[in-house]
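Trainee: Sharing a model that was predicted from the sequence below.
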Amino acid sequence: MNTISELEKYMTTPSTRLIKDIHSIDGDIMILGVGGKMGPTLAKLAKRAIDEAGLNKRVIGVSRFSSGSLRDELEEWGIETIAVDLLNDEALESLPEVKNVIYMAGNKFGTTGNEHFTWAMNAYLPGRLAEKFKNSRMVAFSTGNVYPLSNVVTNGCSEEQPVNPVGEYAQSCLGRERVLTYFSHKNQTPMLIFRLNYAIDLRYGVLLEIAKQVNEGRPIDLSMGNVNVIWQGDANEYAIRSLLHVDHPPTILNITGPETLSVRWIANEFAKRLDKEAKFENVEQDKALLNNSSKAHKLFGYPKVTVQEMLDFIANWVERGGSIHNKPTHFQEREGAF
């Protein structure tokens, strides 16, 4: 893949499993927070799956759409768009009723020094949305940051692991989960909590950051010495298919790849591909932020894009000077300060 159009075509090509499941998801699909990093390709993937299945369902993308050309781009794909500030109660109430909601809106980066906004987005807004869409199915994005750091030899935290979030961002995400769970009990709204880490695109993500550091000769911090990753296209497919696995109280589902990856190993793999030397600082610690997503793999199958393919794609992208979002993940953060 050498261009953004090639990348997006690849990421939005629906699998036969998604096309089969889209037949079973009755009703339209609304994506709240479609303007984020994953939202546009998720909306396009859903639309392509619907079209290839020969169905007549709407995909509706909701965002502030305050800048850029994303709104026009989505509408060219046949995706309906609604521009609203979800924190505005009148605007929120104006949204149409739909049977299926994928809730992606939230705040992470810039939390430090702006904690009040993060809590409003991540813990107050979910209650307003849960009341508005109490008659819908809802897949709500969350994060593996709600878990504590786990020993790198234990295969990560499963859904049964007690949560113990570190830092205000992760605490606010647990707040979102608790508020949604309350309204799921109250209104018997079927939901699924989608605990994701880390989604990979060629334009951003953990692997891109490491590849850039290797390519530029900068040392890689090994303090967070192990990570989980999943191709963004696979994560998007899982999110859509999760609409068939909602329940009340909510289903909890970890979403990531099957491997626990060494940051040192990733850097050395990029060094081979880029003909560079990987440099390191600090040493690996025995705990890291790791999720066990075997439950999701049982439901949906293993991700179709492998780690080796992701490494190849990203090395080529970096070598060619491909466009990037320049939004660090801060995956090295161990104290939860985002």
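Mentor: That came through fine. Numbering: from 1, shown residues only.
Trainee: switch to C-alpha atoms for all contacts and neighbour counts from now on
Mentor: Will do.
Trainee: and for the helix or strand where Leu207 lies, what are the contacting residues?
Mentor: Under the criterion of DSSP states H and E, Leu207 resides in helix 206-216. Under the criterion Cα atoms under 8 Å, 6 or more residues apart in numbering, residues 198, 200, 202, 219-220, 229, 266-267, 270-271, 274, 276-279, 311, 314-315, 318, 328-329, 331 lie in contact with helix 206-216.
Trainee: now what about stretch 222-229, what contacts it?
Mentor: In contact with stretch 222-229 (Cα under 8 Å, 6+ apart) are residues 152, 197-200, 206, 256-264, 280-285, 287-291, 331-334.
Trainee: ok, what's across the strand from the residue nearest to Thr143 when sequence neighbours are not counted?
Mentor: Spatially, and ignoring its direct neighbours in sequence, Thr143 is nearest to Arg195 (4.2 Å; Cα to Cα, 6 or more residues apart in numbering). Listed by DSSP bridges, the beta-bridge partners for Arg195 are Ser142, Asn254.
Trainee: Who are the contact partners of Arg195?
Mentor: Here Arg195 is in contact with 141-144, 252-255 (criterion: Cα under 8 Å, 6+ apart).
Trainee: Quote the end-to-end distance of stretch 226-245.
Mentor: 30 Å (Cα to Cα, to the nearest Å).
Trainee: Now do that stretch: distance to the chain's middle.
Mentor: 7 Å (Cα atoms, centre = their mean, to the nearest Å).
Trainee: Please apply the same query to stretch 161-169.
Mentor: With Cα atoms, centre = their mean, you get 18 Å for stretch 161-169.
Trainee: Quick one: mean pLDDT over that stretch.
Mentor: Confidence over stretch 161-169 (mean pLDDT, whole number) is 92.
Trainee: Please point out which parts of it sit buried.
Mentor: Across stretch 161-169, burial judged by 16 or more other Cα atoms under 10 Å covers 165-169.
Trainee: With stretch 267-285 instead?
Mentor: Neighbour count says stretch 267-285 has 267-271, 273-274, 277-280, 284 buried, by 16+ other Cα under 10 Å.
Trainee: sorry, back to before: sitting in strands, which of the contacts of helix 206-216 do you find?
Mentor: 200, 220 (DSSP state E).
Trainee: Filter the contacts of helix 206-216 down to just the ones in helices.
Mentor: 266-267, 270-271, 274, 311, 314-315, 318 (DSSP state H).
Trainee: Closest to Asn107 out of those?
Mentor: Ile314 (26.3 Å; Cα to Cα).
Trainee: Am I right that the closest one is in contact with Leu202?
Mentor: Yes: if you go by Cα atoms under 8 Å, Ile314 and Leu202 touch, sitting 5.6 Å apart.
Trainee: before we move on, the earlier item: turn the contacts of Arg195 into CSV, columns for neighbour count.
Mentor: Shown next, in CSV, are the contacts of Arg195 (neighbours: other Cα atoms under 10 Å):
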residue, neighbour count
Phe141, 21
Ser142, 27
Thr143, 20
Gly144, 27
Ile252, 22
Leu253, 23
Asn254, 23
Ile255, 31
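Trainee: could those residues be laid out in TSV, adding distance to Thr16 and pLDDT?
Mentor: Listed next are the contacts of Arg195 as TSV, based on distance: Cα to Cα, whole Å; pLDDT from 0 to 100:
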residue	distance to Thr16	pLDDT
Phe141	24	97
Ser142	26	97
Thr143	27	95
Gly144	28	95
Ile252	25	98
Leu253	22	98
Asn254	23	98
Ile255	20	98
